[in-house]
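following is a predicted model, sequence given first.
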Amino acid sequence: MNALVTELVPVQGALASVAFRRSARASKISLRIDAAQGGVVITLPMRASRRAGLSLLQTHEAWVAEKLAALPGAVPFIPGAAVPVGDVPHIITPVTIGRGGAWIEDGRIYVTGGREFLARRVTDCLKRLARQRLTALTAEKARLAGLAPKCVRVKDTRTRWGSCAPDGTLAFCWRLIMAPDFVQDYVVGHEVAHLRHMNHGRHFWALTEMLTPHRSAAGAWLGSHGQALLRIG
Ligand SMILES: [Zn+2]
């Protein structure tokens, strides 16, 4: 899949960011909303033209406009912004003195250094925290199940909150650190259960339920707030 170009295209009177991608696997032109970027992605098979992509967009203009309007507002990492950490709002607070980088204390995310580095430092700080917490939680649940992950990675995945590779590597989206504890607990329990069962069968769910009691609550929370997490930072 190759990114071709991103353009601003009028959609019902407002400009929408439209990213064109070329895919060897696609057999027809497709259109989707990218919640994280707040735009549209048009996937073109190798021989399809950009013009054909735009024509598909025009056909679905009303739908696209409605979906874009319904996206949660973006929360950029700027001074004063409230960023949820474990679902508790933490205010981004620049400071001129103190340790380098960013750290979390008393409901605030303190950041030193130039304004241009602020968003990067806040992101790094949250990723670090996510790695610590999700790794510890994974170790705890793996021990309960008598399992051992190969390693735990924290990434900026856009389509999955967690994954388990056949070699036993677990990966989580760092943005989970902004979700409530019970959501983190469930996602980790789910992926740890995949270390034994690489499917979603009966035995998999029985083990998941032994590792975490939060399946339905976490599923519901991610269903209604998951998109918003992708719009933060
Ligand atoms: Zn799964």
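Great, that's in hand. Note that the coordinates shown come from a computational prediction; the quantities given were computed from them, not determined experimentally. Numbers count the residues shown, from 1 in each chain.

contacts, neighbours, all on C-alpha from now
Noted.

mind jotting down where the helices sit in the protein?
Remark: helices assigned in the chain by DSSP state H are 50-59, 61-70, 118-145, 181-194, 202-211, 215-230.

now do the third one, average pLDDT.
Per-region confidence: helix 118-145 scores 96 on mean pLDDT.

now do the second one
Along helix 61-70, the predicted confidence averages to a pLDDT of 88.

distance from the chain centre to it, please.
Chain-centre distance of helix 61-70: 21 Å, with Cα atoms, centre = their mean, to the nearest Å.

same for that helix, what does it pack against?
Here helix 61-70 touches strand 2-11, strand 30-34, going by 3 or more Cα pairs under 8 Å, 6 or more residues apart in numbering; DSSP states H and E.

residues near residue 54, how many?
18 (other Cα atoms under 10 Å).

mind checking pLDDT for it?
For residue 54, the pLDDT comes out at 93.

how close does it sit to residue 138?
45 Å (Cα to Cα, to the nearest Å).

where does the chain dip in pLDDT?
Within the chain, the ranges that satisfy pLDDT under 70 run 1-4, 98-99.

can you pull the contacts of the residue in the chain sticking out farthest from the centre?
Most distant residue from the mean C-alpha position of the chain: residue 97, 32.0 Å away (Cα atoms, centre = their mean). Contacts for residue 97 (Cα atoms under 8 Å, 6 or more residues apart in numbering) come out as residue 112.

buried ones in stretch 74-86?
74, 77, 78, 79, 81, 82, 83, 84, 85, 86 (16 or more other Cα atoms under 10 Å).

need the contact partners of stretch 12-19.
3-10, 38-42, 61-62, 65.

who wins on neighbours among those residues?
residue 40 (25 neighbours).

how near is that residue to residue 5?
Following Cα to Cα, the distance that separates residue 40 from residue 5 is 12 Å.

what do you get for residue 179?
From residue 179 to residue 5 the distance is 32 Å (Cα to Cα).

same check on residue 147?
45 Å.

try residue 81
Taken as Cα to Cα, the span from residue 81 to residue 5 is 31 Å.

cool, and residue 134?
35 Å.

check residue 163 too.
Taken as Cα to Cα, the span from residue 163 to residue 5 is 29 Å.

ok, now residue 26?
When distance is defined by Cα to Cα, residue 26 is 17 Å away from residue 5.

neighbours around residue 33, how many?
Neighbours of residue 33 (other Cα under 10 Å): 16.

beta-bridge partners for it, please?
The partner list for residue 33 in beta bridges (DSSP bridges) reads residue 40.

re the thing from before, narrow the buried residues of stretch 74-86 to those in strands?
In this view, the buried residues of stretch 74-86 that belong to strands under DSSP state E are 82, 83, 84, 85.

turn the residues you listed into JSON lines, columns for distance to residue 217.
Converted to JSON lines, those look like this (distance: Cα to Cα, whole Å):
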{"residue": "82", "distance to residue 217": "24"}
{"residue": "83", "distance to residue 217": "22"}
{"residue": "84", "distance to residue 217": "18"}
{"residue": "85", "distance to residue 217": "18"}
